[in-house]
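Peer 1: Okay, here's the prediction I keep looking at, along with the sequence it came from:
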There are 2 protein chains.
Amino acid sequence: MKSIERYAVFELELAGTPEECQDADITACFHNDDQAKTDRITMKGFYAGNGKAIIRFMPELEGVWNYTATWGEMSVKGSFRCIANQGQNHGPVKADGMHFRYADGTRFIPMGTTCYAWIHQTEELQEQTLATLQKSAFNKVRMCVFPKSMNYNRNDPDCYPFERDALGNWEISKPDSSFWEKLEKRIMQLGELGIEADLILFHPYDRWGFADLSREENLAYLDYCVRRLAAFRNVWWSLSNEYDLVFTKTIEDWDAFGDKVKETDPYSHLVSAHNWLEPYPKRDWMTHVSWQGSSMQEAFKLRAKYQLPTVVDELGYEGDIESDWGNNSAFEIVNRMWMAVAFGCYCTHGETYYREDEVLWWAKGGRLYGKAPERIAFLKELLEQLPGAMEPVCRNVMDDPTSMAKSPEHAKLVRQIWDNRPQNRNVFINEFIVPIGINPDYRLIYLQRHCNAFYDIELPVNGEYDVEVIDVWEMTRKRVMESVSGAFRINLPSKEGIAILVMRRSGELLA
Amino acid sequence: MKSIERYAVFELELAGTPEECQDADITACFHNDDQAKTDRITMKGFYAGNGKAIIRFMPELEGVWNYTATWGEMSVKGSFRCIANQGQNHGPVKADGMHFRYADGTRFIPMGTTCYAWIHQTEELQEQTLATLQKSAFNKVRMCVFPKSMNYNRNDPDCYPFERDALGNWEISKPDSSFWEKLEKRIMQLGELGIEADLILFHPYDRWGFADLSREENLAYLDYCVRRLAAFRNVWWSLSNEYDLVFTKTIEDWDAFGDKVKETDPYSHLVSAHNWLEPYPKRDWMTHVSWQGSSMQEAFKLRAKYQLPTVVDELGYEGDIESDWGNNSAFEIVNRMWMAVAFGCYCTHGETYYREDEVLWWAKGGRLYGKAPERIAFLKELLEQLPGAMEPVCRNVMDDPTSMAKSPEHAKLVRQIWDNRPQNRNVFINEFIVPIGINPDYRLIYLQRHCNAFYDIELPVNGEYDVEVIDVWEMTRKRVMESVSGAFRINLPSKEGIAILVMRRSGELLA
């Protein structure tokens, strides 16, 4: 009996399928006899060209799985053994409260990057992108199914998701196998590197007509896409890059897409929709927030409002091109990422250094040239060492910020303004939403660009705590106090990009 | 006949004035016989203690002035000759359109600093403050009449503006001469250094009761203050520091103060009111905007709305204390000041480096320790060399931002959003309000924290222009192109804090 690792892809090739059969008629029913409680899982297949249909299945439980596949008038039965997952394979990532976890229980700390159109470049460049990713700390890539048309993105890809008819219109019912095989190969290669493929299903930067398909065509495309790719454990469904810039689609269209993906995907991969200016409204199909914006305070507010794990999937790019979103300093990007993290959010990198050959990482992949990536790796390493995820400290600040005042004098002033000037309340809310992450065993205070000479901290008196001062740019961690408790002052180097990490050694919890 | 420089103080001492006489009864009428068109100017005097009343007069025209002074039942006539002003004496600063100019026509480019309570410190420290100012490029100081109570401001001054009664209440009708003589001396010393005294008449940081006086007491204080100080050419009246944090006063109170100052001051010195969060509404008595805020885009908007010269009188302080407004990096302060300037605004510096002796420049004066002042001097020197003031480039952006789009593609997108999503318009407004100052003879483009590798510029084809690249932190100016015209690309060093200055050599004007 064939053995398949848990969360790997079991693939059933159904030869001799006529093209006319089409995808809707190809299904298989899977059942695990070793696990009494398991429901039968029905998987739809897809036509893969050359008279071949394929049904893919990702077993989520160990033991023997039996299946019956039918296509057209034909059917076949079989079974395989699912064995333990190992190595980089921890299964698909799921939302876990306000954070993320792999299906096997391992924590997943998203630290993504952005290569929108990397699979639409030359073979050589794609290989270089993979090699760069392998050396990096990134564990998620935002990438588009459709090719991309905008500045620095003027080249045509060698293949497209669909074939064209004689008039040049896309035939959604005729997927181009060479495209989908390439996409699958890249998704699998990312999986081998422990990298999640955050697949962007639609986006506005189009000159080929993919942004102009009808709702029915879009739903047919999604149906095919999900049947074909859902068995890959490292797939995330991102309905959109900047849904609110796709003027050919309404919110009803997007919701239909979200529902379609949710109902078609038996594994419940993560689903989100990325915005330009207007955060996508909270929806049932939405597993997490995928947000664009440069204010991490706003990310915090959205997280609090939606009560979903929140990824700042676009916070500006490190680079030097002419567009303001693409010429942030490395420090600014690192700064925003530390803020996001201390607010209990996650975040995604991108790089846009000008190059005459127009190969910019954010769109085409290739090489990284910036100074942020190694600092992001430093941050990720720290987060991996911490015993559990953090929550932002000021959860209830929007209801009563006076509770966060720093002194009785300050509280009095806040109270006066809160009561007398409702129009100024937002300033206090923003003042009190500061990037401090807490956990029973640690506290992470990120001082952003503030150049404090000191920081007054108050810890429980019934406990012992160690204090580290972290320079996020220099990537240094200095233990400045050991086994302290109560209130005291920490001297700091009066510069931007300083974090304070308090670790509990014993005694009272910190959250 | 006594000679007095134009804009200097002619002072008339009226001995033998009984204390009961009080200020209202002391007046003098001045007339310049050499200038046919001059009205008679009536000046009120003030009781200066020890049976002595004083009437001060600042002649604004050359020639012979005759006067008649009366106090109680006594009177005296006399005359003096007003001669040309010279040296640092250019007369009082006036609003000149959206900018400033001394009364003698010389341009005034405000580049202020902040020493709120410097006159309330020891004699030695006050002298040190003056010595520091003398070495600096600053030409305006924000300073309070009343002492100040807050963090790092816990000491009592040696004297107060008024005497106290037996119960310890302030007697507004009994000014303390020692205080006012000290204040006058300091104002005059600033004047000799070419520095404007931006006198803050009220503020919220009080523990002595000065913020709690009644409206009548406040008006009496203002009456005295203006009669006593208006003849000093370098006085500006700043009704408030942070009017909207003084919870004992209403907007009607503040307006009454503005009206009072305007009607009492025969020289029409500059009058403003400084805010915390809510810009003071535009008023007839308001000669310019004195605004607090960290967003220079907002300063630009306020300037456009009020159509008044605008000074960002508090944009954060360079320093490292615990409060976020007081721990900005020097670069951030310099960055904001360049932004303000390229938006056609002016700005004011302040410094809050922590010191154990609690002598922080922003409140007590003393010494400067920061890295911003020399860079501000560099900026001021550049502005002084430029042939005239600049206007921000995008005056009408709030009506139609599509006109500022960078390409047809961009314009189309902006139009779609402008028409379909009114709620997102503000983002475009902010995007298009970029710090670019224009003048017929030059254009100053400030790139803020953007790290551009290049900048595409379009100049008239019928002219010759020189291009400089300025590094605002390194204080370097490099001429990168000479006698160019039309459209071209300027290569830049991909770092924060870069400005581009285009100077017209000949041909078509730049604005």
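Peer 2: Noted; the coordinates are in hand.
Peer 1: Enumerate every residue touching A:W118.
Peer 2: Applying C-beta atoms under 8 Å, 6 or more residues apart in numbering or on different chains to A:W118 gives the contacts A:125-126, A:129, A:141, A:143, A:186, A:363-365. Every residue, glycine included, has its C-beta placed from N, CA and C.
Peer 1: cool, A:R367 as well?
Peer 2: A:128, A:132, A:361.
Peer 1: swap in A:F300?
Peer 2: Going by C-beta under 8 Å, 6+ apart, A:F300 touches A:343-345, A:392, A:433.
Peer 1: need the residues you listed in TSV with pLDDT, can you?
Peer 2: Putting the contacts of A:F300 into TSV (pLDDT from 0 to 100) gives the following:
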residue	pLDDT
A:F343	97
A:G344	97
A:C345	98
A:P392	93
A:I433	87
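Peer 1: Of those residues, which ones also sit close to chain B?
Peer 2: Among the contacts of A:F300, no residue sits close to chain B (C-beta under 8 Å from any C-beta of the partner chain).
Peer 1: if you look at those, which of them are in strands?
Peer 2: Those of the contacts of A:F300 mapping onto strands are A:P392, per DSSP state E.
Peer 1: between the contacts of A:F300, which has the most around it?
Peer 2: Counting neighbours by other C-beta atoms under 10 Å in any protein chain shown, A:F343 leads those with 30 neighbours.
Peer 1: one step back: name the nearest of the contacts of A:F300 relative to chain B.
Peer 2: Distances from chain B to those, taken as C-beta to the nearest C-beta, are shortest for A:I433 (12.3 Å).
Peer 1: Tell me the one among the contacts of A:W118 nearest to chain B.
Peer 2: Distances from chain B to the contacts of A:W118, taken by C-beta to the nearest C-beta, are shortest for A:A363, at 16.1 Å.
Peer 1: Please enumerate residues in contact with the one helix or strand that closest one maps to?
Peer 2: Using DSSP states H and E, A:A363 sits in helix A:361-364. By C-beta under 8 Å, 6+ apart, the list of residues contacting helix A:361-364 from outside reads A:113-118, A:121, A:125, A:129, A:132, A:148, A:150, A:152-153, A:317, A:319, A:326, A:350-353, A:358, A:367-369.
Peer 1: what's the distance between A:W236 and A:V271?
Peer 2: Distance, A:W236 to A:V271, using C-beta to C-beta, to the nearest Å: 8 Å.
Peer 1: scratch that, A:E216
Peer 2: Using C-beta to C-beta, A:E216 is found at 21 Å from A:V271.
Peer 1: Compare those two (neighbour count), which wins?
Peer 2: The residue with more neighbours, out of A:E216 and A:V271, is A:V271; 24 against 10, by other C-beta under 10 Å.
Peer 1: correct me, but the more buried one touches A:W285?
Peer 2: Yes - counting by C-beta atoms under 8 Å, A:W285 is a contact partner of A:V271 at 5.3 Å.
Peer 1: Overlap in contacts, these two.
Peer 2: A:258, A:261-262.
Peer 1: Kindly report the residues of chain A close to chain B.
Peer 2: Within chain A, the positions adjacent to chain B are A:244-245, A:247, A:277-278, A:319-322, A:324, A:327-329, A:332, A:353-354, A:413, A:416, A:420-421, A:423-424, A:427, A:431, A:449-456, A:492, A:494-496 by C-beta under 8 Å from any C-beta.
Peer 1: one more time with 6 Å, if that's ok
Peer 2: Within chain A, the positions near chain B by C-beta under 6 Å from any C-beta of the partner chain are A:247, A:277, A:320, A:324, A:327, A:329, A:354, A:416, A:424, A:427, A:450-453, A:494, A:496.
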